[in-house]
Each structure stands twice: as structure tokens, then as C-alpha cells.
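**Q** Generate coordinates for the sequence data below:
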Amino acid sequence: MPQGKTIIISNTSHSIPPILLKLLPHLELVAAIISGILILSGWFASKASSDSLSIILLLLAFLIGGFAKAREGIAETIKDKELNVEMLMIIAAVGSATIGYWVEGAILIFIFSLSGALETYTMNKSHKEISTLMDIQPENALKITNGKEELVAITELSVGDHVLVKAGERIPADGKIIKGQTTVDEATITGESLPAFKSIGDDIFTGTVNITGSFTAEVTKKSNETLFQKIIELVQNAQSEKSPSQLFIEKFEGTYVKLVLLIVLLMMFLPHFVLGWSWTDTFYRAMILLVVASPCALVASIMPASLSAISNGARHGILFKGGAHLENVGNVKAIAFDKTGTLTKGRPEVTDFILRTNGDSTQIELAVASIENESNHPLAQAIVRYVTNKHESKLSPPESVEDVAGWGIRSVIAGEEWLVGKADFVGKRDAATFAEKFGKRLEQEGKTLVFAKDQYGVAAMIALKDIIRPEAKKALTNLNAIGVKTIMLTGDSENTANVIANEINLGNYISDCLPETKVNHLKKLKEKYGVIGMVGDGINDAPALATADIGIAMGQGSDIALETADVILMKNELARIEQVILLSKKMNRIIKQNIFFSIIVILALIASNFFALIDLPIGVIGHEGSTILVILNGLRLLRS
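**A** All right, here's what the predicted structure looks like:
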């Protein structure tokens, strides 16, 4: 049965009474109920020997109950130049009335319209997540211009504008906090139920809720380019894009309907001549065949399940770019992971800050941090974060700074010259001696070493490392447990890659990968395993994400990675990958159940009709009941 239609009510319909506004989305169900009442009245009238009144009431039941489906069926037949299941039902109902089975024909229309109304309801329910997103999208923002507040539409905001967001309000634009701090409920974006603390410099996203304090933010994206808007577009596109199975069923439907009509045409004549049936029985059985052989349940086996799974994923921060990707991800045999930003947090952190024994440790740490504060290098900023979190003292700006590109910083602070950088920059022999004395093992652990030297020699050795995500080890173990092989592709050296692999119990890894060599390695992995997934977050991962059968991007990754991937994890949790695969496998399992059940019911009803074991009402109930059951089975995927 074709998919139900979502009815959209305009906010401008002020002249329509509220009761009618509530009923408008349920017109199909109202028409079906009225049709049922008319059928019951017509049946009572026939029992009271009021045949004329009975036929009038049943005719009204035909018109009211069958109007929507008849119009839909005729319009689609004209548009697609293909017969469909609606036309089969209309022909069966009219044919039944033609040979005097008015009540049976009307019951067929009633149950058919009722199942259509229920299907529309279930389709609308599966669209609930996108409707909810649309409802919570803010319309206005409090813009600050020259210290004055002005309420403007979010479409009028430009990049660089400042907006004030008060406690309890939804954030109107993507931006960065420039004044104040707060906690934000980001469940609409990430699926995370716990609020996130935000302060100056942190990103905020449209549609999320400011819980505690007021803050001022600078707009970084236009209203039509926000992450929130991208989520809406992704879910809309995913709901409209059909899976290969759905496309096959729809293509098969046209051929199947023609075949059914041909067999029904033969059924209208052959049993009379071959089996000696009366013309009435022959035609009646042909009408039942027309009903029970219709592929309504088969057509409804896939789309409700697919939409439900997409909606479930969207509710939990997992975005699929279409039904095809959702169906295919369950077939993944191996997944390749980028390291930086995927298996690791994507930014270095200080793991060891080793100081010489004959100096003021606090003074040395503050001096090194003050110098590194003049640099934007990730390693320098990691050192600054470490020291400022440890000490309350403010950093003192150096008197002079010379950035020696690729090596380090030469600086003068408090009248003393300092060198901060690589071992060769501060003196290879001095650095080696210091490292040998205080912890040569650090380099063997895959850590990057930064040395600081003053007039007395090497004063400190700082070890930094891109920290592994806490959930990485468990996530990979779980993937291996469900039969998915895991491989790490990284541009790091063999030593660093080996250290990371050992830390997370990852047996397979390929080091020294450039973006183009990642693509070549993925092609080889495809040959070895079959369907391959790739997980990444950076610009350099985009070619690999495009090459893989299923590209999975971390939600906080680069825009090009998000555009290229087939699946996006809005909450940067590797554990979601297992959920993606299990959701896909469950959907594919439910679709197979639906298809198998539909075919069995159709065959059983056809056989029962041939042996005259069922009449038209039973055939209708069996056929339409199976359609409703497969829809409800698909809706199980809406549950967590």
C-alpha cells in the first residue's frame, strides 16, 4: 500500500474553528469511521427489508470511505502510467457490488480506508522527530548593537553580530561565547542528556537550551548554514531517499499488479467452464482473489521500518543520509579508523612535566607557560592549559619573543634568555642527557617531547600526547564481538601507531598514511573484507570517507568530512558505531520478517479462496490485517 500522506496545517488558518483544525490531520480516519457507521446502518436497513434505503446507505459508505483512496489511486495511475493496489481494491469493491454483494464490497472499502488511515498515522508518527526539530527552531534573536538590545528575526543575523541569550531561552544562532558562562542542554544536537558547561571561547549551537546564566555570543554562521539546519536537512533527505529494497519493491509492484489482473481475468471465466462454478460464484471468487492477491502488506514491509530507524537514530544523535546507507551499514565487515580526533581526542595534552631538581619549580613552569602563551601551536597551547590549571598566578608577558619556525621559541623573560622547543633547538646533547636522567621511556611511549633551557641549562622536559578517548578500547572490543574487524589508519610513525594500538588492544594498524595512501589502503581492505566502513573527522579524511562503502564522520569534525560521510555521529562517542550497526541489522531483520510474513499470508489466502474456504469479508480482514501488522512491526524500531 502506498505510503500515507503527512498533512501540514498552516498557522494562518485562523478562520477555521479549532475543532476542525484538530480533525483535519485525521480526515481519513473520520471518513473511515463514518463509512463504518453507514455500513452498519445499511445492514440493519436490509434486515428490515428496506432494500432501497440499504443500497443508498451502502453507496454513501462507498463514496465517503473510498473517495480518498480512489482519488489517490487514479491520480497515481495517470501520473505513473502504472496500475496500483488502490485500483485493485476499487475494482474489487465495485465488482462485488455489481453482482449484489453490496455489504461485502462496502466492508472492503471500510477496512481498506481504515488501514490507509492507520498507515497515514504511523507514517506521521515516524516523522515526529523532524517535526519536533522544526518546532523548536528559534524565530527571533536579541541582537546587541552599540550596547542596545534589539529583537530581530534570526534570518537577519549576519556573521560577526553579537546576540544576548538569557537563561531558559533557546540559542538562536551558531556562535562562540564572548562574555559570560552557562550550562547548555544540547540534546537536540548530540542526543546527550547531561548539560554541557560553556564559557568564553566555547561553541554554541542553534536550537539548544541555555539553562543557567545569561551570555553574549558572536554569530559564526548564517541561519541557513547552522549545524541545526544541516541536521534538519539531513533527516528530511534521509526520510525521502528510498533504500534499494524499497525501490525494488516499488518496481516489482507495477509488474505484480498487471499479473494479478491477468490471473483475475482468467479466474472470471475458467472456473465456470472447467470446474462448473456458477457465474456468480466465479465472479465472486475472482473479486476475492483481486483483494487477497494485492501486495499491500508487501509494499508496506520496508518504508515504515526504514523511516522508524532513521527517526530513532536522529533522536539519539545518529544521522543517516538516506535509507540506502542505513540498510548497507549492517553489512559492514570491517571498519577503518582515523587516529587523531577519532580514536583520540584530537588535541595534545601534557602527560609529564619534568623539572630539574635545583630550581624553583613554580617559577620554571610559569616562565615556560608565559613564553608558550605567545604561540598558537597546539603543543604550546597544551602547555599553557596545563600550567594555568595548576597555578593561580597570572602569566607575565616576555620582554622579547622570536618564533623560530619548525624548531621553537627564543625569548627573554625577567632579563633571562630562554629556549623552548625541540631537542636540537636547545642542544641535542644537553636534551639527551636530561632525558636519560629523568625519563627516556617517554619517547618510547609515543609521546612528543618539548625542552626548556635557561642560562643554567635544560630546566624542564615536557611530554605531550594526544590522549585516547576513554570509550575507544571498549568500543573496538564491542565491534570485534559482533564480528566487525577494526583497523587504524594513521599518519603517525610506526612507533607512535604501535603504542596507540597496544593501548586500545587494536591488532591491525597501518602507519605513515598520507590522505591519498589511505584511499589505496581502503581499496585493499575492500578486496580483503568486502563491505568496508571508514570513521574520520578531518579534511584529510574526506577522500577515505568517500572511498569507503560507508563513511562515518564524528559530529565535531570538519565541514567537508560531514558533507562526505554517509553517517554522522553528532555526539563524538565511538560506542555509537556499534549502535548504528545493530540498528541496521535489526531493521534488515524486521524487513525480512515483514516480507516473509506478507508472502505467506498472500499465498495462504489465495489457496483458501481457490478451495472456497473464505468469503470476501474474511479475505479483506486477512489481507488488510497483515498490512497493519507489518507496519506495526516496523514501528518497533522507534523504540530505543
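
**Q** which residues touch Ala452?
**A** Residues touching Ala452, when contacts are defined by Cβ atoms under 8 Å, 6 or more residues apart in numbering, comprise 364, 367-368, 371, 418-420, 426, 458-462. Using the backbone N, CA and C atoms, a C-beta is placed for each residue, glycine as well.

**Q** next SSE after the strand or helix carrying it?
**A** Per DSSP states H and E, Ala452 falls inside strand 448-454. Per DSSP H and E, strand 448-454 leads on to strand 457-468 as the next helix or strand towards the C-terminus.

**Q** So which elements touch that next one?
**A** Contact partners of strand 457-468 among helices and strands, from 3 or more Cβ pairs under 8 Å, 6 or more residues apart in numbering; DSSP states H and E: strand 344-355, helix 361-372, helix 378-390, helix 428-438, strand 448-454.

**Q** Give the partner strands of that strand in its sheet and their orientations.
**A** Here strand 457-468 is paired, per DSSP bridges, with strand 344-355 (antiparallel), strand 448-454 (antiparallel).

**Q** sorry, back to before: Throw the helices and strands packed on strand 457-468 into a markdown table and include mean pLDDT, thanks.
**A** As requested, those are arranged in a markdown table below (pLDDT from 0 to 100):
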| stretch | mean pLDDT |
| --- | --- |
| strand 344-355 | 86 |
| helix 361-372 | 91 |
| helix 378-390 | 89 |
| helix 428-438 | 86 |
| strand 448-454 | 91 |
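
**Q** what's the burial count for Asn520?
**A** Here the neighbour count serves as a burial measure; for Asn520 (other Cβ atoms under 10 Å) it reads 13.

**Q** distance of the spatially closest residue to Leu637 that is not a sequence neighbour from Pro295?
**A** Excluding its sequence neighbours, the residue lying closest to Leu637 (Cβ to Cβ, 6 or more residues apart in numbering) is Ser308, at 3.8 Å. Ser308 sits 21 Å away from Pro295 when distances are taken as Cβ to Cβ, to the nearest Å.

**Q** what does Asn331 give?
**A** Distance, Asn331 to Pro295, by Cβ to Cβ: 26 Å.

**Q** same question, Ile64
**A** For Ile64, the distance to Pro295 - Cβ to Cβ - is 26 Å.

**Q** same deal with Gly507?
**A** As for Gly507, its distance to Pro295 is 48 Å (criterion: Cβ to Cβ).

**Q** Same drill for those two, tell me which one is more crowded.
**A** In this comparison of Gly507 against Pro295, neighbours counted by other Cβ under 10 Å, the higher total goes to Pro295 at 23 against 12.

**Q** Tally up the residues packed near the nearest residue to the more buried one once chain neighbours are set aside, please.
**A** With sequence-adjacent residues excluded and distances taken as Cβ to Cβ, 6+ apart, Pro295 is closest to Tyr256, at 5.4 Å. Under the neighbour criterion other Cβ under 10 Å, Tyr256 is assigned a count of 18.

**Q** Past the helix or strand harbouring Tyr256, which element shows up next along the chain?
**A** Secondary structure here is read from DSSP H and E; on that basis Tyr256 sits in helix 244-267. Toward the C-terminus, helix 244-267 is succeeded by helix 270-274 as the next helix or strand (DSSP H and E).

**Q** gap between the following helix or strand past that next one and the chain center?
**A** Where DSSP H and E defines the elements, the next helix or strand beyond helix 270-274 is helix 279-292. The gap between where helix 279-292 is centred and where its chain is centred comes out at 46 Å by Cα atoms, centre = their mean, to the nearest Å.

**Q** Can you list the helices and strands that helix 279-292 packs against?
**A** Packed against helix 279-292, as judged by 3+ Cβ pairs under 8 Å, 6+ apart, are the following elements: helix 85-98, helix 244-267, helix 270-274, helix 575-610, helix 616-634.

**Q** Dump these to CSV, plus mean pLDDT and distance to Glu392.
**A** Listed next are the helices and strands packed on helix 279-292 as CSV, based on pLDDT from 0 to 100; distance: least, Cβ to Cβ, whole Å:
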stretch, mean pLDDT, distance to Glu392
helix 85-98, 76, 74
helix 244-267, 77, 61
helix 270-274, 85, 96
helix 575-610, 92, 37
helix 616-634, 83, 59
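
**Q** Beyond the helix or strand where Ile39 lies, next helix or strand please.
**A** Assigning secondary structure by DSSP H and E places Ile39 in helix 27-47. Per DSSP H and E, the first helix or strand lying C-terminal to helix 27-47 is helix 51-80.

**Q** now the angle between helix 27-47 and that following helix, please.
**A** Between the axis of helix 51-80 and that of helix 27-47 there is an angle of 150 degrees, by axes from the mean of the first three to the mean of the last three Cα atoms, to 10 degrees.

**Q** tell me the angle helix 51-80 makes with helix 244-267.
**A** Computed by the same axes, to 10 degrees, the angle between helix 51-80 and helix 244-267 is 130 degrees.

**Q** and helix 51-80, which residues are buried?
**A** Buried positions in helix 51-80, judged by neighbour count with 16 or more other Cβ atoms under 10 Å: 54, 57-58, 60-62, 64-66, 68-70, 72-73, 76.

**Q** ok, now which ones touch the closest residue to Ile335 other than its chain neighbours?
**A** Computed as Cβ to Cβ, 6+ apart, the closest residue to Ile335 that is not its neighbour in sequence is Gly533, at 4.1 Å. By Cβ under 8 Å, 6+ apart, the residues touching Gly533 are Val329, Val332, Ala334, Ile335, Ala336, Val484, Ala548, Asp549, Ile550, Gly551, Ile552, Ile577.
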